[in-house]
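Trainee: My questions concern the predicted model and sequence given below.
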Amino acid sequence: MATARSTPAASSPRVTEPMHDFEKLFRPRSVAVIGASGDPEKLGGRTLLHIKELGFKGRIFPINVSGKDVQGLPSWKSVAELPEVPDSAIIVLPASAVPAALEDCAARGVRHVQILSSGFAEEGGEGIALQDRVTAIARAHRIRFTGPNALGSISPADGFYGTFSSLLATAVPRAGSIGVATQSGAFGSHIYAVAGFRGLGISRAIATGNEADIDVAAAIEYLTDDPGTTVICASLEGCRDGEALRVALLRAAAIRKPVVIMKVGSTEVGAAAAATHTGSLAIEDRLVDAVLRECGAFRVSSIEEMLDVAYVLATGPRPGNDRIGVLTVSGGIGVLMADAAIGAGMSVPALPGDALARIRSVLPLATGRNPLDSTANVGGRLHLFGQIAAEMIGGADLGACFLYLAHLGRNLERFPPLEEGFAALRRDHPDVTVVAVMTHVEEIRKRLESLGVPVFEDPNRAVRAVAGAAALRRLQAEATPRPTVPPATTPLPPIGNEAAAKALLRDAGLPVPSEHPCRTAEEAVRAAAAIGSPVVLKVLSDDIPHKTEVGGVMLGVEGAEAVAKGFGDLLRRVQAARPAARLDGVLVAPMLAGGIETILGVQDDPVFGPMVMFGLGGVSVELLGDVAFASAPLSEVAAERLIGQVRAARLLDGFRGSPPLDRGALVRALCQLSALAVARRDQIASIEINPLLVRPHGAAVLDALVVPRR
């Protein structure tokens with residue numbers, strides 16, 4: 001795992017304080033703009049213009065070395081001259097001037113700062129050292145700050161636009177309930193620009209830039225506590241503090257405040273670009289997936305999907321279950337939406353006979369059982385649409401109901417009966433997500449949104465957005481803190497060869513079969529007799545972690561003579577292949593059969609800590625990459641979910657006449673392995689069990705590798 005632009009200062013402990021104190025950063029009563037300019041084309045001038053002209057009611061203190069009026073406001077040469085201590089300061093200066101400006105803030109008592117200046121860790125070299133210097137000053141004086149290299153933050157409800165974003169020259173985001181937390185300023189401004197164009201309102205938008213102090217995790221925590229925010233949209237380029245991200249997401253999940261998140265840099269090229277953009281720490285994308293999922297966040301792959309899901313969540317209730325109904329004026333569109341729903345993990349249950357009978361008593365030509373096609377014959381009786389949808393919701397216990405209305409949303413004269421139907425559905429089924437799918441005019445869209453009904457023109461986008469909202473409900477309900485494992489109090493025994501590794505695993509409770517390390521052929525013969533034929537012979541060497549690469553394994557050895565001969569042949573073969581390797585003898589193990597080989601592993605990730613990997617052996621892992629990850633330590637429930645994420649894991653339940661295997665033994669092995677990795681995190685870098693044989697009754701560690709931390 002690569003580290004991009006990481007610095008010692010960035011990894012040192014951060015100042016902590018109650019999250020509500022961040023109000024002074026994002027909703028200040030007074031603000032100093034350090035580097036304010038009279039030229040609105042300059043970043044300092046544009047930032048001041050936005051604060052001054054877009055509705056901020058607090059006090060503004062431009063700081064300019066000239067001491068002359070700036071954009072019609074009196075200015076001061078330094079923060080030290082200000083008549084009062086402002087709630088926050090925004091620094092828009094050349095990078096080299098930022099440390100002195102921050103020292104001035106510290107001396108004046110300013111404790112909340114946004115650093116919009118670039119030229120720091122994202123540039124590498126001297127920029128890293130300069131960012132370290134700024135960070136050290138801030139920590140010495142308990143200053144909390146965003147950036148450097150940040151776009152700034154906005155709070156539309158307060159008229160505060162502390163940013164140099166060029167968007168504000170043409171479009172000003174309106175106040176709403178969607179909170180935005182992002183490392184990338186351009187990403188954030190694009191989100192609230194598109195949100196504005198779609199009529200969605202923003203509560204707060206916070207850009208964290210290089211995250212030398214405040215990061216996206218802290219911003220999520222702040223937005224979780226913010227009563228004006230009902231749904232959080234977040235964007236990550238990297239992460240330095242995986243545990244802080246977990247804590248923030250779990251906190252949001254605990255109070256059921258949805259977090260929709262996008263992690264860019266999912267490819268090697270993208271990760272490299274993110275590192276040069278904000279100096280981010282590159283992280284393995286599959287690990288990010290695992291952490292977001294288990295902490296209750298819903299990951300999206302595009303800004304469009306993010307805003308679609310947020311729109312559904314901000315407009316009406318989230319679906320109470322995964323069952324959807326589709327009522328249409330077009331059979332083909334209904335099929336399209338049903339396919340999209342199944343593909344997104346939703347179910348489309350057939351309506352029961354009694355509900356269908358009631359529907360057909362008022363609309364005899366309605367066809368299908370869900371999707372339900374009203375056909376064009378409903379045209380003269382649009383007031384029936386709400387009644388039919390209500391029968392569908394009650395009859396099939398739906399969590400969401402889609403009404404596809406073609407182009408009726410463009411007809412103001414014909415729409416009132418439909419609007420009354422939507423109002424009745426929202427009144428009578430307040431916990432059901434009701435969605436209108438149609439082309440429409442803005443007036444009708446706004447009227448439906450005021451009722452709590454999202455409106456989409458594209459059927460598939462509507463389904464995917466509702467599926468995302470439903471997934472968030474499931475994810476947040478499942479999100480729980482991990483078990484607590486105390487650190488080991490004993491030294492790590494010498495770990496080198498397979499026998500030593502397995503001894504450690506056996507002591508941790510993992511199912512290691514009876515095996516014998518042997519230094520002579522005679523010992524090997526006695527061990528084989530005790531175990532029972534056939535046996536497996538494996539070379540033992542601290543210098544050879546992968547024995548098969550040097551011919552260091554013999555399978556199915558039977559009889560004393562064969563064991564003795566195999567012992568000598570094995571050592572000679574390995575010595576010929578690796579003359580410099582130290583050989584410690586041969587491990588004699590039982591030849592076990594019957595079951596499925598699986599792979600278990602734990603790797604200590606620099607961002608997220610110990611992460612567990614699980615997969616089935618053979619081509620599932622090597623060719624298809626069919627593996628899943630989860631944070632250690634695992635509870636039994638988390639272990640079951642980890643197994644369920646591997647497609648080939650269905651083989652554990654029996655296949656083509658084979659008996660089901662001991663899933664419980666596999667769950668226990670995963671939990672014990674994860675607990676060992678956490679307890680000895682300071683001593684062990686990685687553990688691999690390959691394979692763990694899962695049998696109809698029990699499981700067995702057949703091979704293992706433990707890599708101590710250097």
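Mentor: Okay, I see it.
Trainee: Ends of stretch 136-156, what's the gap?
Mentor: 32 Å (Cα to Cα, to the nearest Å).
Trainee: Equivalent analysis for stretch 197-214, please.
Mentor: Termini of stretch 197-214 sit 29 Å apart (Cα to Cα).
Trainee: What residues of that stretch count as buried?
Mentor: Residues of stretch 197-214 classed as buried: 200-214 (neighbour count, 16 or more other Cβ atoms under 10 Å). In short, each C-beta sits where N, CA and C put it, glycine included.
Trainee: Identify, from those, the entry nearest to Glu498.
Mentor: The nearest member of the buried residues of stretch 197-214 to Glu498, counting by Cβ to Cβ, is Glu211 at 42.6 Å.
Trainee: Pull up the per-residue confidence for the closest one.
Mentor: Confidence at Glu211, expressed as pLDDT, is 95.
Trainee: Next, find the distance separating it from Ala234.
Mentor: 13 Å (Cβ to Cβ, to the nearest Å).
Trainee: what's the answer for Phe456, then?
Mentor: 23 Å.
Trainee: who's more crowded, those two?
Mentor: More crowded of Phe456 and Ala234, by other Cβ atoms under 10 Å: Ala234, with 29 against 23.
Trainee: who touches whichever helix or strand the more buried one is part of?
Mentor: Using DSSP states H and E, Ala234 sits in strand 231-236. Under the criterion Cβ atoms under 8 Å, 6 or more residues apart in numbering, residues 177-184, 187-188, 191, 216, 219-220, 223-224, 252, 257-264, 288, 297, 306-307, 310, 313-314 lie in contact with strand 231-236.
Trainee: And for stretch 633-648?
Mentor: Contacts for stretch 633-648 (Cβ under 8 Å, 6+ apart): 294, 478, 480, 482-483, 485, 610, 612, 614-616, 620, 624, 626-630, 649, 652, 663, 666-668, 670-671, 674-675, 677-678.
Trainee: cool, stretch 433-447 as well?
Mentor: With Cβ under 8 Å, 6+ apart, stretch 433-447 has contacts from 199, 312, 316-319, 333, 337, 389, 399-410, 412, 415, 419, 422, 425-426, 448, 452-459, 462, 466, 469.
Trainee: Following element in sequence after the strand holding Ala234, please.
Mentor: As assigned by DSSP H and E, the chain's next helix or strand after strand 231-236 is helix 242-254.
Trainee: The next helix or strand after that following helix pairs with which strands?
Mentor: Counting by DSSP H and E, the next helix or strand C-terminal to helix 242-254 is strand 259-263. Strand pairing for strand 259-263, determined by DSSP bridges: strand 231-236 (parallel), strand 298-299 (parallel).
Trainee: Isn't Gly559 up against Val535?
Mentor: No - using Cβ atoms under 8 Å, Gly559 is not in contact with Val535; the gap is 9.9 Å.
Trainee: if you count what's nearby, which of these two comes out ahead?
Mentor: Val535 (28 against 15).
Trainee: pLDDT value on that one, please?
Mentor: pLDDT, read off for Val535, is 95.
Trainee: so how far is Arg506 from it?
Mentor: Val535 is 18 Å from Arg506, by Cβ to Cβ.
Trainee: Could you chop the protein up by domain?
Mentor: 8-313, 316-478, 514-590, 596-708 (automatic domain parsing).
Trainee: Check the offset of the last one from the chain's centre.
Mentor: Just to be clear, that refers to domain 596-708. 21 Å (Cα atoms, centre = their mean, to the nearest Å).
Trainee: And the helices in the stretch 451-600 of the chain?
Mentor: If DSSP state H, counting those that start in this stretch is used as the criterion, the helices of the stretch 451-600 of the chain fall at 459-478, 498-507, 521-531, 560-577.
Trainee: Now distance to Ala436, mean pLDDT and mean neighbour count too, for those, in CSV please.
Mentor: Shown next, in CSV, are the helices of the stretch 451-600 of the chain (distance: least, Cβ to Cβ, whole Å; pLDDT from 0 to 100; neighbours: other Cβ atoms under 10 Å):
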stretch, distance to Ala436, mean pLDDT, mean neighbour count
helix 459-478, 9, 97, 22
helix 498-507, 58, 95, 20
helix 521-531, 70, 95, 18
helix 560-577, 70, 93, 17
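Trainee: I'd like the ones you listed written out as TSV, with distance to Gln114 added.
Mentor: Listed next are the helices of the stretch 451-600 of the chain as TSV, based on distance: least, Cβ to Cβ, whole Å:
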stretch	distance to Gln114
helix 459-478	30
helix 498-507	50
helix 521-531	68
helix 560-577	61
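Trainee: Ile91: which of these is closest?
Mentor: Here helix 459-478 is closest among the helices of the stretch 451-600 of the chain (Cβ to Cβ), at 36.8 Å.
Trainee: Could you tell me how far the closest one lies from the centre of the chain?
Mentor: 15 Å.
Trainee: swap in stretch 247-263?
Mentor: Worked out by Cα atoms, centre = their mean, stretch 247-263 lies 9 Å from the chain centre.
Trainee: What mean pLDDT does that stretch get?
Mentor: 97.
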